[in-house]
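dropping a prediction and its sequence here:
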Amino acid sequence: MPAKSRTDLDVSRAGKLTPSGESAVKNGPGRPVRLLAFAALAVVGCGADLWTKQAVFAWRGLPDEQPVWWLWPGYVGIQTALNTGAVFGAFSGWTFLFAVLSFAALGAIALWVYRSSDDWPWGQTVALACICAGILGNLYDRLGLWAPSDMPDTMPRYAVRDWILLCYGRWTWPNFNLADSFLVCATAALVWASLRSTEPTPNTQGTGGSAEPARVSS
């Protein structure tokens, strides 16, 4: 029986060849490692968001109970607020709709990650985990699970707890939390990566025609 060539071995191991005849190499983590990392990051991120909310509200109380505590006077402070809308206070009053959409988004992302190929880059896994962490952290609040039993009726129970305040002169950004930060930063990273992947690849073989096929020596 003739011995297998190196190319044959590469085909049997990788399942496909690159145009140069070399075996394709998978750069991303394997499925079990990727799923474990995704779940761990989502849980840790959600835990960090919920812990900071609990700590700040226990320290500063409900909205308007205490004045702003400034980290950088006039620019960065801590102020508790309750948000019945989406990220940064958008679409206020649609709490239950956003709760339903949160469940749908979590299911879609989990299915997407589970059914993905084994060569996913780490960056995409981390970004989706951060998005899930943000969704879970705010969903916990939207379901009213954080509200104390003696909470005043004038305060919205089914609302997201925000505590980070940014100001510049007369301009004040809507209060937000770590979950909002995870959602915005991770989504921006995915969009940026998607735009980069659609950029045309420079033609190293010249401006016209297709690249010359590799020559095979006899």
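Now that the structure is in, tell me what you want to look at. Here the structure is a predicted model, which means the values were calculated and not measured.

show me what contacts residue 60?
Contacts for residue 60 (C-beta atoms under 8 Å, 6 or more residues apart in numbering) come out as 66, 69, 78, 79, 80, 163. (C-beta placed from N, C-alpha, C; glycine too.)

my bad, should have said residue 68
Contacts of residue 68 (C-beta under 8 Å, 6+ apart): 77, 78, 79, 165.

6 Å instead?
Counting by C-beta atoms under 6 Å, 6 or more residues apart in numbering, residue 68 touches 77, 79.

separation between it and residue 44?
Per C-beta to C-beta, to the nearest Å, residue 68 is found 29 Å from residue 44.

now do the helices in the protein.
Assigned by DSSP state H, the chain shows helices spanning 6-14, 31-60, 95-114, 122-142, 178-197.

let me have the contacts of residue 60 in JSON lines, adding distance to residue 120 as columns.
Converted to JSON lines, the contacts of residue 60 look like this (distance: C-beta to C-beta, whole Å):
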{"residue": "66", "distance to residue 120": "45"}
{"residue": "69", "distance to residue 120": "42"}
{"residue": "78", "distance to residue 120": "37"}
{"residue": "79", "distance to residue 120": "39"}
{"residue": "80", "distance to residue 120": "38"}
{"residue": "163", "distance to residue 120": "34"}
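
what is the nearest of these to residue 157?
Set against residue 157, the nearest of the contacts of residue 60 by C-beta to C-beta is residue 80 (14.7 Å).

and that closest one, how many neighbours?
As a burial measure, residue 80 scores 22 neighbours (other C-beta atoms under 10 Å).

so how far is residue 158 from it?
Per C-beta to C-beta, residue 80 is found 16 Å from residue 158.

and for residue 131?
In terms of C-beta to C-beta, residue 131 sits 22 Å off from residue 158.

those two: who's more crowded?
residue 131 (24 against 16).

for the chain, give me the ranges with low pLDDT.
For the chain, the stretches with pLDDT under 70 are 1-29, 87-91, 93, 118, 198-218.

just the CA atoms of stretch 164-182, as PDB, please.
Extracted in PDB, the C-alpha atoms of stretch 164-182 (Å, rounded to 0.1, in the frame of the first residue of the first chain):
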ATOM      1  CA  ILE A 164     -23.800  56.800  36.500                       C
ATOM      2  CA  LEU A 165     -24.100  60.600  35.700                       C
ATOM      3  CA  LEU A 166     -22.100  62.500  33.000                       C
ATOM      4  CA  CYS A 167     -22.300  66.200  32.600                       C
ATOM      5  CA  TYR A 168     -20.700  68.900  30.500                       C
ATOM      6  CA  GLY A 169     -21.700  72.500  31.200                       C
ATOM      7  CA  ARG A 170     -25.500  72.600  30.600                       C
ATOM      8  CA  TRP A 171     -25.500  69.300  28.900                       C
ATOM      9  CA  THR A 172     -26.400  66.200  31.000                       C
ATOM     10  CA  TRP A 173     -26.400  62.700  29.600                       C
ATOM     11  CA  PRO A 174     -29.200  60.400  30.700                       C
ATOM     12  CA  ASN A 175     -28.200  58.300  33.700                       C
ATOM     13  CA  PHE A 176     -27.000  54.800  32.900                       C
ATOM     14  CA  ASN A 177     -25.500  51.700  34.400                       C
ATOM     15  CA  LEU A 178     -22.900  48.900  33.700                       C
ATOM     16  CA  ALA A 179     -25.500  46.900  31.700                       C
ATOM     17  CA  ASP A 180     -26.100  49.900  29.300                       C
ATOM     18  CA  SER A 181     -22.300  50.200  28.900                       C
ATOM     19  CA  PHE A 182     -22.000  46.500  28.000                       C
END
